[in-house]
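Participant: sequence and predicted structure are below.
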Amino acid sequence: MRTMKLGVSPLEVPVVAVGCMRINSLDKPEAERFIRTALEEGANFFDHADIYGGGACEERFADAIGMNDDIREKIILQSKCGIRKGMFDFSKEHILASVDGILKRLRTDYLDILLLHRPDALVEPEEVAEAFDALESSGKVRYFGVSNQNPMQIELLKKFVKQPIVANQLQLSITNATMISNGINVNMLNESAVNRDGSVLDYCRLHDITIQPWSPFQYGFFEGVFLGNEKFPELNRTIDEIAAKYEVSNTTIALAWILVIVSSSGVKLRRA
C-alpha cells in the first residue's frame, strides 16, 4: 500500500483509508473478515464518526478488531464529531463530550485524527480552539481537521485554532467532481463554471491540507453507487472498456481515477 503524509503532520498514512460508516450492518464474523482483509492489504487507516450507526459502528469495529494496546499501535484511527439531533454543534462542551464517547466506544485512549463533522455555520471558533487545546494537551487527539468546509470557514477557524488543519473530508468521485470541473471551465458561460465551494481544491493544495474524498463510489448525496448503474450508461461503458483492457474490475478503475489525483495534488482517498 502506497503511503503519503497527512497534511503538514508527520503522520504517514495509506492513500486508501477504510470508511466504517456501514460496519454495524455486518455481524461480528463479517466485520472481522472485513477488517482483516483491509489490514492484509496494508489499509490500516480507519475512518469513523460518532453519528455512524449512533455510535454502534465504533463499537462494532472495536469488538471485531479485538482492540488492545498492541493492536492500537498498529492502526490509525480517525473519527468525527459535531453533528447531533439534526443540527451542528461545535461547542467546547459538545466536542469534549463527543471525543470521550468516541474513545470509550473504540476502546482506546487517543485518536490519531479528529475531524469537525461538516460546518457549524454559527460556530464560535474560540470554543473550538479551547476544545482542541484541551484534547491535545490531554493526549486524547494528536491531529485535527475538518469536513465539508470551504476556504473561508477554515480561515475563520485558523484565526483562533493554533493546531494545523491537516485534512478536509469532501465529496469527490467521478460523478461528484465540481471542485475539478469548475477549474476547467473558468470564465465560461455554462453550469460547470459555477464555483460552489470557494476554490477549495486550490485552497487545500496551497495550504497543504489533505483532501479526503468520502463515498467515492456514490453519486449525488447517497442516491446510490454509479458503477453498473443504468443512469450512467456512457460512463459505465467507458469504465468497463478500460477495465477489460487491463483485466481488472470496474471498481479498480474508479479507484485509479482518484489515485491519479492523489499523486498530483495530495488528495487522499477514503473508502466507505
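Facilitator: The structure has been received and is ready for your questions.
Participant: count of neighbours near Pro164?
Facilitator: 16 (other C-beta atoms under 10 Å). All C-beta atoms are positioned from the backbone trio N, CA, C, and that covers glycine.
Participant: so what's it scoring on pLDDT?
Facilitator: In this prediction, Pro164 carries a pLDDT score of 98.
Participant: can you check Leu259 too?
Facilitator: At Leu259, pLDDT is 86.
Participant: I'd guessed it sits against Pro14; true?
Facilitator: No. Counting by C-beta atoms under 8 Å, Leu259 does not reach Pro14; the two are 11.2 Å apart.
Participant: more neighbours: those two, which one.
Facilitator: Using other C-beta under 10 Å, the more surrounded residue of Leu259 and Pro14 is Pro14, with 19 against 16.
Participant: if I look at the more buried one, how far off is Arg196?
Facilitator: Pro14 sits 30 Å away from Arg196, going by C-beta to C-beta, to the nearest Å.
Participant: how about Glu234?
Facilitator: Distance of Glu234 to Arg196, computed by C-beta to C-beta: 24 Å.
Participant: shaky segments in this protein?
Facilitator: For the chain, the stretches with pLDDT under 70 are 262-272.
Participant: and the strands in it?
Facilitator: Along the chain, the stretches classed as strands by DSSP state E are 3-5, 12-14, 16-19, 45-47, 76-81, 83-84, 87-88, 111-116, 141-147, 165-171, 210-214, 218-219, 224-225, 269-271.
Participant: now distance to Ala131 too, for those, in JSON lines please.
Facilitator: Below are those laid out as JSON lines (distance: least, C-beta to C-beta, whole Å):
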{"stretch": "strand 3-5", "distance to Ala131": "25"}
{"stretch": "strand 12-14", "distance to Ala131": "23"}
{"stretch": "strand 16-19", "distance to Ala131": "24"}
{"stretch": "strand 45-47", "distance to Ala131": "20"}
{"stretch": "strand 76-81", "distance to Ala131": "10"}
{"stretch": "strand 83-84", "distance to Ala131": "15"}
{"stretch": "strand 87-88", "distance to Ala131": "14"}
{"stretch": "strand 111-116", "distance to Ala131": "9"}
{"stretch": "strand 141-147", "distance to Ala131": "9"}
{"stretch": "strand 165-171", "distance to Ala131": "14"}
{"stretch": "strand 210-214", "distance to Ala131": "21"}
{"stretch": "strand 218-219", "distance to Ala131": "30"}
{"stretch": "strand 224-225", "distance to Ala131": "36"}
{"stretch": "strand 269-271", "distance to Ala131": "24"}
